[in-house]
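Trainee: the following block contains a protein sequence and its predicted model.
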Amino acid sequence: MSDVSTYLDGRTKRMMELILAFVLFVATLPLYVLIATAILFVDGRPVFFAQQRCGREGKLFTLWKFRTLQPTSETNEYASEVHLRPQYTRTGGFWRRRRLDELPQLFAVLTGDMALVGQGPSAWRSSMATVRRNVVACGANPA
């Protein structure tokens, strides 16, 4: 495949993602209002959860979701690691089971930080661990 066709395929994919993400955003706007209002009145502030993720070419960006977990008592951070048992907020389990907590990710698609199709971006901390593990596996000295 030539560089021109690869470039055009990438531009076409990006344009289709923009159109679809915008249409989905407009169609789900009433859900944003409903979910944000429910979280605000039932679970309190903050309504959104932000986390640094590793995006295309290792660029960090902020991924936003509706808050579904209670803050941990010691650090006031949100338990997102797999080995921790999540303590859902009163409405959090409902939103999570239906994947509605991920609606704000459409903003990341609109800004070009994420794609609609493909593997989601990994959390920054786990990405750095993966890089170190891959460097060691290749026989390089990570010093």
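Mentor: Here it is on my side, so go on.

Trainee: longest helix of the protein?
Mentor: helix 3-38 (DSSP state H).

Trainee: helices or strands up against it?
Mentor: helix 105-110 (3 or more CB pairs under 8 Å, 6 or more residues apart in numbering; DSSP states H and E). All C-beta atoms are positioned from the backbone trio N, CA, C, and that covers glycine.

Trainee: go with 10 Å
Mentor: Applying 3 or more CB pairs under 10 Å, 6 or more residues apart in numbering; DSSP states H and E, one finds that helix 3-38 contacts strand 60-66, helix 92-97, helix 105-110.

Trainee: and Arg11, which of the ones you listed is closest to it?
Mentor: helix 105-110 (15.6 Å; CB to CB).

Trainee: name the residues of that closest one that come out as buried.
Mentor: Neighbour-count burial for helix 105-110 flags Gln105, Leu106, Ala108, Val109 (criterion: 16 or more other CB atoms under 10 Å).

Trainee: with stretch 29-49 instead?
Mentor: Tyr32, Ile35, Ala36, Ala38, Ile39, Asp43, Val47, Phe49.

Trainee: for that stretch, measure first residue to last.
Mentor: 18 Å (CA to CA, to the nearest Å).

Trainee: show me the contact partners of that stretch.
Mentor: 25, 28, 63-71, 77-78, 80, 88-92, 94-95, 100-101, 103-104, 106 (CB atoms under 10 Å, 6 or more residues apart in numbering).

Trainee: give me the mean pLDDT for it.
Mentor: Stretch 29-49 carries an average pLDDT of 94.

Trainee: tell me the pLDDT at Ala115?
Mentor: Reported pLDDT for Ala115: 86.

Trainee: tell me the SS of Ala50?
Mentor: What DSSP: H, G, I helix; E, B strand; the rest coil gives for Ala50 is strand.

Trainee: contact partners for it?
Mentor: Neighbours of Ala50 in contact, by CB under 10 Å, 6+ apart: Thr62, Leu63, Trp64, Lys65, Arg67, Tyr78, Pro104.

Trainee: sorry, back to before: what are the buried residues along the longest helix of the chain?
Mentor: Glu17, Ala21, Phe25, Tyr32, Ile35, Ala36, Ala38.
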